[in-house]
Every structure is written in C-alpha cells, then in structure tokens.
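S.K.: with the sequence up front, the predicted model follows.
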Amino acid sequence: MASNLRDLHGIVPFFAALFASTFFVANSATLALFNKCKEPVWPGIQPSAGKPILARGGFLLLPNQAYSLHLPDAWSGRIWGRQGCSFDSSGHGRCATGDCGGNLYCNGLGGTPPATLAEITLGSTPRTQDFYDVSLVDGYNLGLSMRPFRGAGRCGDAGCVSDLNEVCPAGLAVRAGPGSRVVACKSACSAFGSPRYALIQSSCYFEALSRNTWEFVELR
C-alpha cells in the first residue's frame, strides 16, 4: 500500500501481539511500538541494505509497554515480533519464534522463519510515496496489522489479526516442544521445499483468515 507524506501523517504497524505506530513530522518519522500481548514480546528490526540499524535491531517489550524510535528519511526495513525468548546478561540466548542468531540485539540480522513481517519503505521527500505491507511469505507467528494513523490518505489496514496457530495444519505447525502448543505456522514453500508453493501459493492456506496481508493485497 502506498501514500504520499503530504497526505499520510502516520503509518501504524499494529500487532495483535505487538502494536507499532509511525508518526510523520515533516520529512522524518517516529516509530512507536506497543505490546498488546499478555506475554513479553521482543521486536526485531532489520533494515534494508545500506539503511541504518535502529535500536541495535531488537529489544524487550513487556505487556502494555510502548517504545518509540526515530526513522530517518528514506528508511526501509522489516519488523517482526519474537516470542519465548531467554537471554543471558550478555544478550545471548534464543527465541522460540523469530530468533535472530540467538541474539537480543539483531544488529541487521533477519528473523528465522516462520515470522509475520511488517515492511515499511519511507519516501525521501514529502512528495515521494511511502509503502507499507504485512507479509506471510515467511510464515506466521504473531497476529499483525498495519494502518494509517492521523493521516488524510486513503490507505487502509493491512495485516492478519487472526490466530493462525490455532488452526495451522500439522504439516506446517511449529511447536515449542514435543506435544506442546503450536507457536508458529510455516509457509508451504519452506515446509515442503518446493517452488510449486512460491509467492501466493506459499501462503494460500492463510488467505481465508488473512485477506489483508501482502500476498492478497498487492499480488492479486
């Protein structure tokens, strides 16, 4: 989805588990993340190539806690939520979902699939369009939605707030341990390793419950 900065004053990546809002001021933006889960969430932030790393790429958000950071002009990257994390005093450990190399601070690393992704591309000037989407191309771990905030643009919500882990097929399910609950749902492409399931096909299972995700908004 796209909008011009003069029309859209903010983008809100809204996680059912993690809530993030972006407020634009002139040519810059502030990204505010809010955890709406009953459990802690560790956001991961990966910039696109050549873009600066923000907040060392990761941090802890307790339930109902918010965190804000500045987004530079023309910044682009992806944001995801990590769950079930445990780190030592040096920031080393692991997460049950969305892990980035066993580190609290991702520092440019992406999350291990499956992970629901929020993607943002900011324009370099007030006349340049900004883009945002929610993608299940890497699978699903948390409900996530994005929407314009305090803006005059016509862009709508993008995302998936249904709990797909509750209905994930056995062949796609990722469990915290043998016999334990499902914590993530793979895309068919990664689960079966076949190009047959690439792009839209890789997430076709998710379509009925997540019609506003990237695959179904931008590629249909």
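M.R.: That came through fine.

S.K.: quick one: least confident helix or strand in this protein?
M.R.: Of the helices and strands making up the chain, the lowest-confidence element is helix 214-218, at a mean of 37, by mean pLDDT, DSSP states H and E.

S.K.: which ones are touching the residue nearest to residue 172 when sequence neighbours are not counted?
M.R.: Closest residue to residue 172 apart from its sequence neighbours, by CB to CB, 6 or more residues apart in numbering: residue 186 at 4.5 Å. Placement of C-beta: from N, CA and C, glycine included. By CB atoms under 8 Å, 6 or more residues apart in numbering, residue 186 lies in contact with 113, 114, 139, 172, 173, 174.

S.K.: with residue 46 instead?
M.R.: Contacts of residue 46 (CB under 8 Å, 6+ apart): 57, 77, 78, 79, 100, 106, 108, 109, 110, 111.

S.K.: how close does the residue nearest to residue 172 sit to residue 43?
M.R.: Per CB to CB, to the nearest Å, residue 186 is found 21 Å from residue 43.

S.K.: residues in contact with stretch 83-102?
M.R.: By CB under 8 Å, 6+ apart, the surrounding residues in contact with stretch 83-102 are 17, 39-42, 44, 46, 57-58, 60, 80-82, 103-106, 109-112, 114-115, 141-142, 174, 176, 183-184.

S.K.: residues touching residue 140, list them.
M.R.: 114, 115, 116, 160, 164, 165, 168, 184, 185, 206, 210.

S.K.: quick one: which of those has the most company?
M.R.: residue 116 (35 neighbours; other CB atoms under 10 Å).

S.K.: nearest residue to that residue in space, please, no chain neighbours.
M.R.: residue 144 (4.5 Å).

S.K.: residue 53 should be in a strand, yeah?
M.R.: No. In this structure, residue 53 is coil, not part of a strand, as judged by DSSP: H, G, I helix; E, B strand; the rest coil.

S.K.: give me the neighbour count for it.
M.R.: So residue 53, with other CB under 10 Å, has 16 neighbours.
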